[in-house]
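[1] Next come a sequence and a model predicted from it.
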Amino acid sequence: MATILDTTPLIGDITHLGDEMLAKIIQRHKTIPVYDGKPEYTTGQTSSTLRIIPTETGFTLYGWKYAGTYDEGRKPGKMPNPDAILAWAKAKNIQFKSESQARSWAFCVARKISREGTYRYKLSIGGQQTDIFATPIREMSEQLQSLVTKFYAQNISRQLLRTDPTNL
């Protein structure tokens, strides 16, 4: 079966939109205040897991399975790993008198999160999501719609009229 329309240029443009969206997500994570007017971003470990992987039809956004907590927070339930909380505290340069005090603090924070959820979760159930992902995804979707519409309109016109529609 013959190819009616070569969409290769469109796929490249779509992937470029994905790359721009990813850059905006990471920038928002670095700058949007969450606690006491300060951003939560610390080490970049989670952001570094986010990737745009090109596909035959565009791209897929991959990342750490908990990256969605950027917008919604972590709901109560399973206790998070106290070692991860301790690593976060060390990256934030939170000081403790001893290693045992640090471990005790991390365990208490993990237990509180398991009982109540995170601060970001409490904000989200109150209708105040942090909006790390939502705005960049919405903006990319709007650009994508415009890009695809323009691409197909030009190519359909070109096929029907056998001329370049930009020269009309």
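    Okay, I see it. Numbers count the residues shown, from 1 in each chain.
[2] Strands of the protein, start to end?
    33-35, 38-39, 51-55, 58-62 (DSSP state E).
[3] Just say which of those is most tucked in.
    strand 58-62 (a mean of 15; mean count of other CB atoms under 10 Å). For the C-beta atoms, the positions are set from N, CA and C on the backbone; glycine is no exception.
[4] possible to save the strands of the chain as TSV with mean pLDDT?
    Below are the strands of the chain laid out as TSV (pLDDT from 0 to 100):
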stretch	mean pLDDT
strand 33-35	72
strand 38-39	73
strand 51-55	86
strand 58-62	85
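[5] closest to residue 13 out of those?
    Residue 13 lies closest to strand 58-62 among these, at 9.5 Å (CB to CB).
[6] who touches stretch 119-132?
    Stretch 119-132 has contacts (CB atoms under 8 Å, 6 or more residues apart in numbering) with 25, 28-29, 32, 34-35, 40, 69-76, 116.
[7] Sort those by pLDDT and name the bottom one.
    Within the contacts of stretch 119-132, residue 35 has the lowest pLDDT, namely 68.
[8] about what we covered before: now, among the contacts of stretch 119-132, which is nearest to residue 134?
    residue 71 (6.2 Å).
[9] mind listing what the closest one touches?
    Contacts of residue 71 (CB under 8 Å, 6+ apart): 120, 124, 129, 130, 131, 132, 133, 134.
[10] which one in those residues is the model shakiest on?
    Ranking the contacts of residue 71 by pLDDT, residue 129 lands last with 72.
[11] What about that residue, how many residues nearby?
    16 (other CB atoms under 10 Å).
[12] do you know how far it is from residue 86?
    As judged by CB to CB, to the nearest Å, residue 129 and residue 86 stand 27 Å apart.
[13] same deal with residue 31?
    Applying CB to CB to residue 31 and residue 86 gives a distance of 25 Å.
[14] between the two, who's got more neighbours?
    residue 86 (20 against 10).
[15] Domain-wise, how is the chain divided?
    Domain assignment for the chain by automatic domain parsing gives 8-75+128-167, 76-116.
[16] Flag whichever of those domains has the least confidence on average.
    domain 8-75+128-167 (a mean of 82).
[17] Can you show me the helices along this structure?
    Assigned helices in the chain, in chain order: 8-31, 69-72, 82-91, 99-116, 119-125, 134-161 (criterion: DSSP state H).
[18] And those: which comes nearest residue 55?
    Among the helices of the chain, helix 8-31 sits nearest to residue 55 (CB to CB), with 8.3 Å.
[19] isn't residue 114 right next to residue 79, touching?
    Yes - Residue 114 sits in contact with residue 79 when judged by CB atoms under 8 Å, with a separation of 3.8 Å.
[20] With that, I have no additional questions.
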